[in-house]
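Enquirer: Coordinates only, no sequence provided:
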Ligand SMILES: [Zn+2]
């Protein structure tokens, strides 16, 4: 009598109903988005938002938007579990900082390019004017270019510090 609604009583409950230890109805709102083989998805969403709130949020949305809403809630919940203070905002602000650092690096590199082009122009024009003193010109150019090559090296070093693949991986693997 209890399982009268189910044609095949062997059908397993969705991850949400299993977690909540309740009977999974045929029209269960969670079932399409929380399959039994992914129990961790509902566990973190339940911990952060609460089952009734998730239920309410899904009911308020048209069906075609529910899958995206669940992905977003799972992402937010995982971020909140990992970082109880900042949640998603922690990931966003850390990425924004990376963007700022990279913009600064880009500006430095562009300045460097302009600087090097100017050096090139001035050295070729002086070569044309005084071909006899070419030896002197090239040695003075070496003196000028050494600090800029040091800057280029420090930029490369900065690049390695900023690029943190492990950090990025943990931020996005939800
Ligand atoms: Zn269910």
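Expert: Nice, thanks for sending it over. Because the structure is predicted, anything quoted here is derived from the model rather than measured. Residues are numbered from 1 along each chain as shown.

Enquirer: And stretch 52-63, what's buried?
Expert: Within stretch 52-63, the residues scored as buried using 16 or more other CB atoms under 10 Å are 54, 58. Glycine gets a C-beta too; all of them are placed from N, C-alpha and C.

Enquirer: So is that stretch next to the ion?
Expert: No - on the criterion CB under 5 Å from the ion, stretch 52-63 is out of touch with the ion, staying 10.4 Å away.

Enquirer: Please list the residues outside that stretch that contact it.
Expert: 16, 29, 30, 33, 45, 46, 49, 66, 69, 70, 73 (CB atoms under 8 Å, 6 or more residues apart in numbering).

Enquirer: what do you get if the cut-off is 7 Å, keeping everything else the same?
Expert: For stretch 52-63, the external contacting residues (CB atoms under 7 Å, 6 or more residues apart in numbering) are 29, 45, 66, 69, 73.

Enquirer: Can you give me the buried ones in stretch 88-104?
Expert: Under the neighbour-count criterion of 16+ other CB under 10 Å, stretch 88-104 has 88, 90, 91 buried.

Enquirer: repeat for stretch 63-77
Expert: Across stretch 63-77, burial judged by 16+ other CB under 10 Å covers 66, 70, 73, 74, 75, 76, 77.

Enquirer: Put together JSON lines for the residues you listed, with distance to residue 57, secondary structure and pLDDT on each row.
Expert: Output for the buried residues of stretch 63-77, formatted as JSON lines (distance: CB to CB, whole Å; DSSP: H, G, I helix; E, B strand; the rest coil; pLDDT from 0 to 100):
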{"residue": "66", "distance to residue 57": "9", "secondary structure": "helix", "pLDDT": "97"}
{"residue": "70", "distance to residue 57": "9", "secondary structure": "helix", "pLDDT": "97"}
{"residue": "73", "distance to residue 57": "7", "secondary structure": "helix", "pLDDT": "96"}
{"residue": "74", "distance to residue 57": "12", "secondary structure": "helix", "pLDDT": "96"}
{"residue": "75", "distance to residue 57": "14", "secondary structure": "helix", "pLDDT": "95"}
{"residue": "76", "distance to residue 57": "11", "secondary structure": "helix", "pLDDT": "96"}
{"residue": "77", "distance to residue 57": "12", "secondary structure": "helix", "pLDDT": "96"}
